[in-house]
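In: What shape does this take:
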Amino acid sequence: MPISAKIWAISAMDIVFRLKRCYTAIKDSIRVHQIMVEKIANNFIGQMVENKIINKEMADMYIYTFICFVEKFITIGSIMIIS
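Out: Numbering: from 1, shown residues only. Next up is the predicted model:
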């Protein structure tokens with residue numbers, strides 16, 4: 001095997017390794033983001049239930065709606081900032 005072929009094989013393996021590390025980092029950061037949004041929603045809706053602003057039976061629906069709203073807001077805001 002010529003030296004240039006060996007160098008190409010090593011660099012291809014290096015690229016695959018770096019892509020795998022990048023994918024793992026992105027996947028972990030997305031999970032951290034989801035946990036953070038869920039905690040904020042639980043705290044916010046929990047305070048609303050304690051102050052009797054909303055019914056306790058409807059809390060789960062409000063939490064789901066709040067999470068969807070915040071994630072859409074973050075997505076649209078990120079797209080606007082990037083572009």
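
In: could you measure Glu50 against Phe66, distance?
Out: 16 Å (Cβ to Cβ, to the nearest Å). In short, each C-beta sits where N, CA and C put it, glycine included.

In: Show me the longest helix that occurs in the chain.
Out: What stands out as the longest helix in the chain, according to DSSP state H, is helix 3-50.

In: what's it packed up against?
Out: helix 59-82 (3 or more Cβ pairs under 8 Å, 6 or more residues apart in numbering; DSSP states H and E).

In: between the helix it packs on and helix 3-50, how many degrees?
Out: Per axes from the mean of the first three to the mean of the last three Cα atoms, to 10 degrees, the angle that helix 59-82 makes with helix 3-50 is 140 degrees.

In: Can you point out the buried residues in helix 59-82?
Out: Using 16 or more other Cβ atoms under 10 Å as the test for burial, helix 59-82 gives 62-63, 66-67, 70.

In: Three-state assignment for Glu57, please.
Out: Using DSSP: H, G, I helix; E, B strand; the rest coil, the structure places Glu57 in coil.

In: how near is it to Ile15?
Out: Distance of Glu57 to Ile15, computed by Cβ to Cβ: 53 Å.

In: Likewise for Gln47?
Out: Distance of Gln47 to Ile15, computed by Cβ to Cβ: 48 Å.

In: Over to Glu38?
Out: Look at Glu38 and Ile15: by Cβ to Cβ, they are 35 Å apart.
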